[in-house]
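Novice: I would like the atomic coordinates for the input below:
(chains A and B)
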Amino acid sequence: GENVEQHPSTLSVQEGDSAVIKCTYSDSASNYFPWYKQELGKRPQLIIDIRSNVGEKKDQRIAVTLNKTAKHFSLHITETQPEDSAVYFCALTPKEGGTSYGKLTFGQGTILTVHP
Amino acid sequence: DSGVTQTPKHLITATGQRVTLRCSPRSGDLSVYWYQQSLDQGLQFLIQYYNGEERAKGNILERFSAQQFPDLHSELNLSSLELGDSALYFCASSVAQRNTQYFGPGTRLTVL
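Specialist: Coordinates of the predicted model:
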């Protein structure tokens, strides 16, 4: 099946700095790439997503970039705040037999810590 | 609040037992997905239903089964439980098969 490699596994930044998390994948047919934020013991919450016909998408301090040729996509958080501290997961919808049913394959997660 | 509900929040049981986890999707969502989250395996897709029919299967054990009912709620049945089945089980729903998925609060299963 499709694998998603997510790096780094942990990321520590000072408040106000930027944070970047990158994911690489192998199936060029993947066409939907969401990012989820998960606080301890809570549900994954969608924070931003991008589809394969778009190269970049921004929502306030959060942006996602997609490079289909290189098969990687990245999450960028600017002006980080302590409340951004959480585990972030990238994901994608793999295609099997030419069909994407919508199931998500997740990266391993990045523990982001923002120090005040 | 995502609008997806799951019961129970916590479940503690013994090895060899059987449990049922319940999920109600957001109003209007036809697709339901089940995921398992454990420390060693991360977030793994188990199974998907769309409007009552099974549509995709992931790394779901034969001891596990699921179904989606006419009112669109779904149940995940876990039987012959083992210690390794201890995990967080999430349900997610989406309007159709390729739309944004919203996750429920999860059920934490502990097998002793």
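Novice: so which bits of stretch B:7-20 are buried?
Specialist: Going by neighbour count (16 or more other CB atoms under 10 Å in any protein chain shown), the buried part of stretch B:7-20 is B:11, B:13, B:19. C-beta here means a position set from N, CA and C on the backbone, and glycine is covered the same way.
Novice: next one: stretch A:57-69
Specialist: Those would be A:62-66, for stretch A:57-69 by 16+ other CB under 10 Å.
Novice: which secondary structure element is home to the most centrally placed residue in chain B?
Specialist: By CA atoms, centre = their mean, chain B has its centre lying nearest to B:Trp34, at 3.4 Å. Using DSSP states H and E, B:Trp34 sits in strand B:31-38.
Novice: what of A:Ile50?
Specialist: strand A:45-51.
Novice: repeat for B:Thr110
Specialist: Going by DSSP H and E, B:Thr110 is in strand B:107-111.
Novice: strand B:31-38 and that strand, what's the angle between them?
Specialist: 40 degrees (axes from the mean of the first three to the mean of the last three CA atoms, to 10 degrees).
Novice: rewinding a little: which other helices and strands does the helix or strand following the strand holding B:Trp34 contact?
Specialist: Once strand B:31-38 ends, the next helix or strand along the chain (criterion: DSSP H and E) is strand B:42-50. Here strand B:42-50 touches strand A:105-106, strand B:31-38, strand B:53-57, strand B:64-68, strand B:74-78, going by 3 or more CB pairs under 8 Å, 6 or more residues apart in numbering or on different chains; DSSP states H and E.
Novice: so what strands line up beside strand B:42-50?
Specialist: strand B:31-38 (antiparallel), strand B:53-57 (antiparallel) (DSSP bridges).
Novice: show the average pLDDT along the shortest one.
Specialist: In this model, strand B:53-57 carries a mean pLDDT of 92.
Novice: next, the buried residues of that strand.
Specialist: So for strand B:53-57, counting by 16+ other CB under 10 Å, buried means B:55-56.
Novice: just to check, A:His7 is in contact with A:Ser74?
Specialist: No - with contact defined as CB atoms under 8 Å, A:His7 does not reach A:Ser74; the gap is 10.0 Å.
Novice: B:Arg55 versus A:His76, what's the distance?
Specialist: Noted for A:His76: a distance of 33 Å to B:Arg55, by CB to CB, to the nearest Å.
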